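K.L.:
I'll drop the sequence and a predicted model, then ask my questions.
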Amino acid sequence: MGGAGNGVARTHPVKRRTSFALAKVCKAHRGSIGELLAEHGLHPGQEMVLVELWESDGLRGGELAVRLGVEPPTVTKMLRRLEGCGIVERRPDPSDARSFRVYLTPEGRALEEPVADCWERSEERLLAGLSEEERRTFYGLLVRVRSNLVPGCGSR
């Protein structure tokens with residue numbers, strides 16, 4: 001399967017895999033959404049923390065890690081950056097001295113509409129040329145594929 005030395009270009013079989021195409025789409029999408037989020041001082045991934053807090057302000061750090069599907073040290077690093085920007089604040093958990101809860105600041109709450117707009121703009125670019133029916137089908141397929149990788153995730 002090594003490279004062809006005869007000067008004839010060929011496509012490696014891995015590049016014809018759906019999962020390879022999906023990985024490339026994910027990378028391109030991350031760059032695209034990153035450009036939009038940067039307009040608001042955010043990096044890709046930080047908005048995911050904010051989305052969870054917009055749904056349920058005051059989550060524990062461990063709860064955020066579970067919801068985001070990352071390790072607690074990753075959440076801690078993300079929260080430090082967001083806290084440094086004045087977007088969230090960590091407070092001791094009154095029911096558990098070993099834990100803390102994360103709350104949005106007014107600045108963090110004010111980002112909800114601009115971030116939602118970033119995602120709407122990104123989605124329009126991503127799905128340009130697809131009909132409404134194709135968009136619904138694509139979404140349904142992505143949810144099903146994700147559930148193969150993360151059982152029980154549903155549409156979260």
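P.N.:
Received it, and whenever you're ready, just let me know what you need.
K.L.:
where does Val150 land on pLDDT?
P.N.:
At Val150, the model reports a pLDDT of 86.
K.L.:
same deal with Cys153?
P.N.:
71.
K.L.:
just Gly3 next, same as before
P.N.:
Note on Gly3: pLDDT of 56.
K.L.:
next one: Ile33
P.N.:
Confidence score, pLDDT, at Ile33: 96.
K.L.:
cool, Asp96 as well?
P.N.:
Here, the pLDDT recorded for Asp96 equals 88.
K.L.:
burial count for the residue nearest to it when sequence neighbours are not counted?
P.N.:
Of all residues not flanking Asp96 in the chain, Arg60 sits nearest, at 7.9 Å (Cβ to Cβ, 6 or more residues apart in numbering). Where C-beta positions appear, they are placed from N, C-alpha and C, glycine not excepted. The local packing of Arg60 (other Cβ atoms under 10 Å) involves 17 other residues.
K.L.:
Also Glu39?
P.N.:
Counted with other Cβ under 10 Å, the neighbours of Glu39 add up to 10.
K.L.:
again with Cys118
P.N.:
22.
K.L.:
residues touching the residue nearest to Asp96, list them.
P.N.:
Listed by Cβ atoms under 8 Å, 6 or more residues apart in numbering, the contact partners of Arg60 are Asp93, Asp96, Ser99, Phe100, Arg101, Val102.
K.L.:
quick check, nearest of those residues to Val115?
P.N.:
For those, the minimum distance to Val115 (Cβ to Cβ) is 16.5 Å, reached by Val102.
K.L.:
I figured that closest one was touching Ala65, is that so?
P.N.:
No - using Cβ atoms under 8 Å, Val102 makes no contact with Ala65, being 11.0 Å away.
K.L.:
got the contact list for the longest strand belonging to the chain?
P.N.:
If each strand of the chain is counted by residues according to DSSP state E, the longest one is strand 96-104. Identification of contacts with strand 96-104 by Cβ under 8 Å, 6+ apart yields 49-50, 53-54, 57-62, 64, 79, 87-93.
K.L.:
returning to that earlier point: and the residue nearest to Asp96, bridged to which residues?
P.N.:
Applying DSSP bridges to Arg60 gives these bridge partners: Arg101.
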